[in-house]
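**Q** Whatever this is, show me its structure:
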Amino acid sequence: MSPAEQSLIDGVRLDKWLWAARFYKTRAVAVEAIDGGKVQVNGDRVKRAKTIRTGDEVRMRQGPYEQIVIVKGLSEKRGPAAQAVLLYGETDASKAQRERLSLQLKAVHSAFLTDDNARPTKRDRRKLEKFRGRE
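**A** The predicted structure is shown next:
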């Protein structure tokens, strides 16, 4: 969709815009995020059919990261990534917060992260048996 066609659009459904701006891979995933309360528009929890307009503030939480973007363009069609970047602008505070969190997560040593689904190794099993007195 050309910039001239985009200017003719008054508003776009939130789920379509999130998909067109490439924040989510499919509209279904965008709908799940909206319904799950992970997306807010202008500080309010909204429904997927909420019409957004240029100038609206969209706050999204994806995993540990939170992004705050200002809607700069509207599109109902998903285009190339270079075109999708033109649809929004991330706030400076949001960028700084994401970078700070990214550095913190990288600094966490993998030993502190637990994998709840991991099975104990043979060594772990032997230590457990020794601790229980079943050696």
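**Q** in the sheet, who's paired with the nearest residue to Asp56 once chain neighbours are set aside?
**A** Distances taken as C-beta to C-beta, 6 or more residues apart in numbering put Val71 closest to Asp56, at 4.6 Å, once the chain neighbours are dropped. In short, each C-beta sits where N, CA and C put it, glycine included. Counting by DSSP bridges, Val71 is bridged to Tyr88.
**Q** if I look at Val71, how far off is Ala49?
**A** From Val71 over to Ala49 the distance is 16 Å, taken as C-beta to C-beta, to the nearest Å.
**Q** Same check on Lys25?
**A** According to C-beta to C-beta, Lys25 and Ala49 sit 20 Å apart.
**Q** the helices in this protein, which residues?
**A** With DSSP state H, the ranges of helices along the chain come out as 3-8, 14-20, 27-35, 81-84, 92-107, 122-132.
**Q** returning to that earlier point: comparing Val71 and Ala49, which residue is more hemmed in?
**A** Val71 (21 against 11; other C-beta atoms under 10 Å).
**Q** neighbours around Gln83, how many?
**A** Count around Gln83 with other C-beta under 10 Å applied: 19.
**Q** Tell me who's in contact with it.
**A** Gln83 sits next to Ser75 when contact means C-beta atoms under 8 Å, 6 or more residues apart in numbering.
**Q** Report pLDDT for it.
**A** Reported pLDDT at Gln83 in the predicted model: 93.
**Q** again, but for Glu66
**A** Per-residue pLDDT puts Glu66 at 94.
**Q** how close does the nearest residue to Arg61 once chain neighbours are set aside sit to Leu128?
**A** Nearest non-adjacent residue to Arg61, counting by C-beta to C-beta, 6+ apart: Lys38, 4.5 Å away. Counting by C-beta to C-beta, the gap from Lys38 to Leu128 is 39 Å.
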